[in-house]
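In: Fold the following for me, if possible:
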Amino acid sequence: MASDDTDERRGGDGSGRPQRDESDDQFDESPLEPGADDPAEPRDEGDRAAAVEEVDGRIVDLLSWILDTETRAKIYVYLLANPGSTSEEVATGTGLYPSTVREALAELHEEERVNREKRASEGAGNNPYEYTAIQPSELVGGVVDQVQQELNTIFTLDRLLDRHGASDPGLEGGNEPVTITVDDTEPPEPAATEASETARSESEDATSTGRDADSADEDDATESSSAPGSET
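Out: Here you go, the predicted structure:
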């Protein structure tokens, strides 16, 4: 009975091979709708270029913050892609003015962000400098050290200000500053002041004495005129 049941499940072709279920092996081979994206095909070149341009723009913005200007950032990016370039080649590749490129390269070399050396040439004459940018890891490491140094300076100033405020609590009370007015008028000499007061006192005494004498003379004249026998 078991063998008969097995033969019935295998199928009725009589070959003894199991019959394949066509429903499990069917694939959807219908064409894609117009405008649909096929995951097997690469992305459009325009989208890829836009993505690369966006990434490049963000990198330039970051390097502009690190290197202070967008011009220096463009030069650095160009030198990363084209090491050993001269200033003229950098100006041609970036579209910047040659004088601007030379000035920026001199500053970057002084800051040790690009390296330069004379280009080897078999002919005689002045061989131009060729420039190579340092690695981004070295560039970022230098910026981290600079930021850390600036933060340490700020923290040191904060500690000094806090210490000064704690030692002088009067400043925290909002007291008004003291105003001192200076009078440049010279005071009179003491001796001259005393002499002036003495002379004024003597003058007042003399005036008072004269007034008393005049009053006495007037009284004598009045008495003599009113005495009997004075009339003729």
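
In: Can you pull out the low-pLDDT segments for the protein?
Out: Along the chain, segments meeting pLDDT under 70 span 1-44, 49, 52-53, 55-57, 122-125, 163-199, 205-232.

In: Let me see the domain layout of it.
Out: Following automatic domain parsing, one gets these domains for the chain: 49-119+128-134, 135-168.

In: Turn those domains into TSV, columns for distance to residue 200.
Out: C-beta here means a position set from N, CA and C on the backbone, and glycine is covered the same way. What follows is these, written out as TSV (distance: least, CB to CB, whole Å):
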stretch	distance to residue 200
domain 49-119+128-134	80
domain 135-168	53
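
In: packing partners for whichever strand or helix holds residue 142?
Out: Using DSSP states H and E, residue 142 sits within helix 136-167. On a contact count with 3 or more CB pairs under 8 Å, 6 or more residues apart in numbering; DSSP states H and E, helix 136-167 meets helix 45-67.

In: now the angle between helix 136-167 and the helix it packs on, please.
Out: Here helix 45-67 runs at an angle of 40 degrees relative to helix 136-167 (axes from the mean of the first three to the mean of the last three CA atoms, to 10 degrees).

In: what's whichever strand or helix holds residue 105 in contact with?
Out: Taking DSSP H and E as the definition, residue 105 sits inside helix 98-110. Applying CB atoms under 8 Å, 6 or more residues apart in numbering, the contact partners of helix 98-110 are 67, 69, 71-72, 75-76, 87-88, 90-91, 94, 114-116, 131.

In: shouldn't residue 64 be in contact with residue 70?
Out: Yes. Contact criterion CB atoms under 8 Å: residue 64 and residue 70 qualify, at 4.6 Å.

In: which one of the two has more residues nearby?
Out: Taking neighbours as other CB atoms under 10 Å, residue 64 and residue 70 compare with residue 64 leading, 16 against 13.

In: distance of the more buried one from residue 159?
Out: With distances taken as CB to CB, to the nearest Å, residue 64 is found 33 Å from residue 159.

In: List the buried residues of the helix holding residue 142.
Out: For helix 136-167, a neighbour-count test (16 or more other CB atoms under 10 Å) marks residue 139 as buried.

In: quick thing: my sequence starts at 4, can you match it?
Out: Understood, numbering begins at 4; the last thing we discussed is helix 139-170.

In: May I ask which helix or strand encompasses the spatially closest residue to residue 87 that is not a sequence neighbour?
Out: Leaving aside its chain neighbours, residue 87 sits nearest to residue 133 (4.5 Å; criterion: CB to CB, 6 or more residues apart in numbering). Assigned by DSSP H and E, residue 133 belongs to strand 132-136.

In: orientation of that strand relative to helix 101-113 in degrees?
Out: 60 degrees.

In: Other residues contacting strand 132-136?
Out: Strand 132-136 is contacted from outside by 79, 82-83, 86-90, 93, 108, 111-112, 116-122, using CB under 8 Å, 6+ apart.

In: So which of those residues sit within helices?
Out: Of the contacts of strand 132-136, the ones assigned to helices by DSSP state H are 79, 82, 83, 90, 93, 108, 111, 112.

In: So how do I select the buried members of the residues you listed in PyMOL?
Out: To isolate the buried subset of the ones in helices among the contacts of strand 132-136 in PyMOL, counting by 16+ other CB under 10 Å, use the following:
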select buried, resi 79+82+83+90+93+108+111
